[in-house]
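# Sequence and predicted structure are below.
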Amino acid sequence: MKFLSSVFFLGLLISNVSANSDRTSKVAAKLADVLVSEDEIRRQSSKLSTQLKEQTRQNNQVLLERLSLFIDAEDDKAKFSQDFLQLSLQMEEEMVKRMESDLGLAAFMKQTTVDIYTTEFTDEEIAQLGRFFTSAVGKKYLRVSPLILEEIVEKTQTEIVPKILEVQNSVQNQFQLKFRELHSQFVEQ
C-alpha cells in the first residue's frame, strides 16, 4: 500500500510538473513573440547574409585565382574573370534567398527563445518579464537596447581597442628584450 501511494504521489507530481511546463512554454511563447520582433529577425538575417556573402566572396576569389592559372591568353583570363564574377554575384543572391526561405530563421529564433526562457526562468519570472516587456518602459527597452549595445561596441572599438594595442605593443617590446637576452645565453658569440 505504501508503494502504491508513493507511485500515486509521484504521478501527481509529474503531471503537475508537465502542466507547469506546458503553461511555462505557452507564456514563454508569448514572451518570445514580444522579444523576437520582425525587426530583430531582419537584423539577424541581414548579419547572417552579410557574413555568408563575405565568406562566399573569399572562397570564390581563391577559386578564381586558381582557375585563372590554367588560362594562358590574357584576353581570355579577363573575360573569364568578368564572367566568373557575374556568376559569383548570382551565387550570392541565390544563397541569401535560399537561406531566408529554407532555414526558417523566424521560427528557429522564436523556438530557441522559448527553450532558453523555459529553462532559465520560472513561471512567475516569465510572467513578470512578460508584464515588463509589454509595458511602455519594456517596449522602449526592446526598441533601444540593440542600439545601446551597438553604441557600447562602437565606443569600445574606438576608445579601448587602441589602448589595448598600446599595452600589447609595450609588453611585446619589453619581452622582446628579455627574449633576446635569453637567446644570447644560448648562442655562441
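Received, thanks. Numbering: from 1, shown residues only.
# Now for the protein, the helix or strand with the poorest mean pLDDT.
helix 2-35 (a mean of 53; mean pLDDT, DSSP states H and E).
# wait, what's in contact with V171?
Contacts for V171 (CB atoms under 8 Å, 6 or more residues apart in numbering) come out as none. For every residue, glycine as well, the C-beta is placed using N, CA and C.
# State the helix or strand in which it lies.
V171 is located in helix 161-186, with elements delineated by DSSP states H and E.
# Let me see the mean pLDDT of that helix.
For helix 161-186, mean pLDDT rounds to 84.
# next one: that helix to chain centre, how far?
Centroid displacement of helix 161-186 relative to its chain, using CA atoms, centre = their mean, to the nearest Å, is 34 Å.
# returning to that earlier point: next helix or strand past the least confident helix or strand of the chain?
Using DSSP H and E, the helix or strand that directly follows helix 2-35 along the chain is helix 38-68.
# Buried residues in that following helix, which are they?
By 16 or more other CB atoms under 10 Å, the buried positions in helix 38-68 come out as I41, S45, S49, K53, T56, N60.
# quick check: mean pLDDT across that helix?
Per-residue scores along helix 38-68 average to 83.
# Give the other helices and strands that it contacts.
Judged by 3 or more CB pairs under 8 Å, 6 or more residues apart in numbering; DSSP states H and E, the packing partners of helix 38-68 are helix 74-102, helix 105-120.
# domains for this protein, by residue range?
2-134, 139-189 (automatic domain parsing).
# okay, those, which one's buried deepest?
domain 2-134 (a mean of 13; mean count of other CB atoms under 10 Å).
# Pull the distance from that domain to the chain's centre.
Taking CA atoms, centre = their mean, one finds domain 2-134 lying 9 Å from the centre of the chain it belongs to.
# ditto for stretch 157-174
27 Å.
# mind exporting that stretch as CSV, just the C-alpha atoms?
Extracted C-alpha coordinates of stretch 157-174, given in CSV (Å, rounded to 0.1, in the frame of the first residue of the first chain):
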residue,chain,number,x,y,z
GLN,A,157,36.4,49.7,-30.5
THR,A,158,37.2,53.4,-30.9
GLU,A,159,38.4,54.1,-27.3
ILE,A,160,39.6,50.8,-25.7
VAL,A,161,41.0,48.8,-28.6
PRO,A,162,43.7,51.4,-29.4
LYS,A,163,44.7,51.3,-25.7
ILE,A,164,44.7,47.5,-25.8
LEU,A,165,47.1,47.7,-28.8
GLU,A,166,49.3,50.2,-26.9
VAL,A,167,49.5,47.8,-24.0
GLN,A,168,50.2,44.9,-26.3
ASN,A,169,53.0,46.7,-28.1
SER,A,170,54.5,47.9,-24.8
VAL,A,171,54.5,44.4,-23.3
GLN,A,172,55.8,42.8,-26.6
ASN,A,173,58.7,45.3,-26.7
GLN,A,174,59.5,44.7,-23.1
